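> Build the 3D model from these lines:
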Amino acid sequence: LLTPGAILPNLSGRDVLARVVLNGAFATPTVDYKIRATRAAFGTTGVENLYAEGQATVRSDRILVPVHARAKRVTGLNAAVGGLANNVRIDGDFAINMPNIVSDNLRIRSDNIDAAAIVVANTATGMYRGALKGRVNNYRIDGIGIIDLSTDAKLVPGPKGGFGVTGRVVATTRQLFNEGARNFLGGNAIVRSDIGYSPEGIVTFDNLRLSAPLFRITRGSGRFDPATGSVLVNADAYSNSYGPLFARVTGTATAPVVTLKAPRPGVGIGLANLDARIVGRGGNYAVNATGDTDYGPFNADVLVTPGGQLAVDVRKLLFAGITATGRVVQTAAGPFQGGLQFAGRGITGNVALADQGGHQRADVKAPAYNATVPGAADFTIGRALIDASVVMYPKAPEVVADIQLADTRYNDLVIETSRVKVNYVGGRGTAQAVMTGTSGIPFRVAVNAKLSPDNYLVAVKGRANGIDFNTVNPARITTTKAGYALL
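Next up is the predicted model:
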């Protein structure tokens, strides 16, 4: 059977042995069968070390085929499912009345599965329906985590004939691989939902709930039609960090339209009344968002193009009265290259992104003259010059910066002159700062710091309100599990 199609289309096998014994009347015999194969495959799906046996009963109206099968491994499955198909055992019966094949008592077990299945198939139409009741433990989903899954589903007749599936699914995460997901959720989560699969092949879910320490979905429902690709999802959620969230998805799987509303996400800038819309078309995603912040209106118009090289076109990004535009493209090594230009309220400049040996580099140049920053604070900048370079290495970033300020006010703090220089490479470096100004009293201060991993030496010298001060010996600051300690 090494050549596919020798017996059935796409069927192939290696070291296949079949023993069949017929007993009884010719029209209604019993069929005792045993099948063994080092490998059997139908198309791209293969079964390794297969053994199956049973004694089928042929009746005038149907054929009843008991199945007791085991296999070392099922290959060729989707990567997310493949890990479940090791040391598989199946026990149950199939009732055959061509073209219909039915089973309501299949017991499926493997290293991670213990479930009962109901199966209905029609060989003439190619229709197949299956429902599962049981549990799946330690189900590993690459890039997401490890979950325990329990299902309780049943076959139901459709109003126009055929069979559908209804049931309930509960998933409990045991481990989340993505650090961002762990931080957002605050830990492991439990997801519950009613699910459905109609005779026409439409997938539905309802009463979706998710519970996690820092995030929960309070209401969710949706449907997906594989025939047309149309999708509809509605979900309400609450985040401890970002407040209430409302999401809706329409369109199709290849051209989705996603709307997200968040009354008070905050995100450190007082963001409120966020209204975001993502439209997918031709493999691109147009992102438009508006909102209010403590620093004035927020507006974004961005085009995202996924693919081998992710590209982000920033058509317009307005924040704090400053408008940014530009384009960045992900390089083959991973970092982005390109740049953003920004201008507004007396501030101009650019950010240039590049790949430096497989690591992300960013160069920032931003002069400011008579600049004002909107918001609750009285924040004005007479003159400023920022010239900085940052390279994101795994252990510690490389930072080389020169920042100058003059005639700057932040509420009661007035900086007449200030300059900060940083040279931090390989986890070690130096930082110097000098500043003169007033904050209720006049002051002049100079700071010199020597930086090394988990250890900083800081020397301070200055004058405040006519009184000189300085550190006799450099202060030592070390990092601890709780934060920082001054020694």
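> going forward, measure contacts between C-alpha atoms and count neighbours the same way
Fine.
> what distance separates the start and the end of stretch 96-115?
22 Å (Cα to Cα, to the nearest Å).
> All the helices of the stretch 1-150 of the chain, residue numbers only.
Applying DSSP state H, counting those that start in this stretch to the stretch 1-150 of the chain gives helices spanning 79-82.
> Let me know the average pLDDT across the longest helix seen in the chain.
For the chain, the helix that runs over the most residues, judged by DSSP state H, is helix 179-185. Mean pLDDT, helix 179-185: 89.
> cool, stretch 451-470 as well?
For stretch 451-470, mean pLDDT rounds to 94.
> Stretch 51-70 too?
For stretch 51-70, the per-residue pLDDT averages 88.
> now swap in stretch 215-227 and tell me
Stretch 215-227 carries an average pLDDT of 94.
> Then stretch 273-289?
95.
> Off-centre distance for that stretch?
Averaged C-alpha coordinates place stretch 273-289 at 17 Å from its chain's average position (Cα atoms, centre = their mean, to the nearest Å).
> Check stretch 423-436 too.
Using Cα atoms, centre = their mean, the offset of stretch 423-436 from its chain centre is 37 Å.
> helices or strands up against the longest helix of the chain?
Applying 3 or more Cα pairs under 8 Å, 6 or more residues apart in numbering; DSSP states H and E, we find helix 179-185 packed against no helix or strand.
> Direction included, what does whichever helix or strand comes after it pair against?
Next in sequence after helix 179-185, counting helices and strands by DSSP states H and E, comes strand 190-197. Here strand 190-197 is paired, per DSSP bridges, with strand 163-176 (antiparallel), strand 203-211 (antiparallel).
> can you pull the buried residues of the first one?
Taking 16 or more other Cα atoms under 10 Å as the neighbour-count basis, strand 163-176 is seen to contain the buried residues 163-176.
> Using CSV, please lay out these together with pLDDT.
Shown next, in CSV, are the buried residues of strand 163-176 (pLDDT from 0 to 100):
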residue, pLDDT
163, 73
164, 80
165, 82
166, 87
167, 87
168, 91
169, 91
170, 93
171, 92
172, 94
173, 93
174, 92
175, 91
176, 91
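> Relative to residue 325, how far out is residue 367?
With Cα to Cα as the criterion, residue 367 and residue 325 are 17 Å apart.
> make that residue 134, sorry
53 Å.
> same question, residue 145
37 Å.
> same thing with residue 182?
32 Å.
> now residue 383
23 Å.
> Direction included, what does the strand or helix carrying residue 437 pair against?
Take DSSP H and E as the rule and residue 437 turns out to sit in strand 428-438. Sheet pairing of strand 428-438 (DSSP bridges) gives strand 413-425 (antiparallel), strand 442-452 (antiparallel).
> Let's have these in a markdown table, adding mean neighbour count.
Shown next, in a markdown table, are the strands paired with strand 428-438 (neighbours: other Cα atoms under 10 Å):
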| stretch | mean neighbour count |
| --- | --- |
| strand 413-425 | 18 |
| strand 442-452 | 18 |
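> possible to save these as TSV with distance to residue 461?
Compiled in TSV, those are given as follows (distance: least, Cα to Cα, whole Å):
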stretch	distance to residue 461
strand 413-425	15
strand 442-452	5
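> number of nearby residues for the nearest residue to residue 124 once chain neighbours are set aside?
With sequence-adjacent residues excluded and distances taken as Cα to Cα, 6 or more residues apart in numbering, residue 124 is closest to residue 99, at 5.8 Å. Using other Cα atoms under 10 Å, residue 99 has 11 neighbouring residues.
> if I look at the nearest residue to residue 267 once chain neighbours are set aside, how far off is residue 254?
Nearest residue to residue 267 in three dimensions, chain neighbours excluded: residue 242, at 7.1 Å (Cα to Cα, 6+ apart). For residue 242, the distance to residue 254 equals 29 Å [Cα to Cα].
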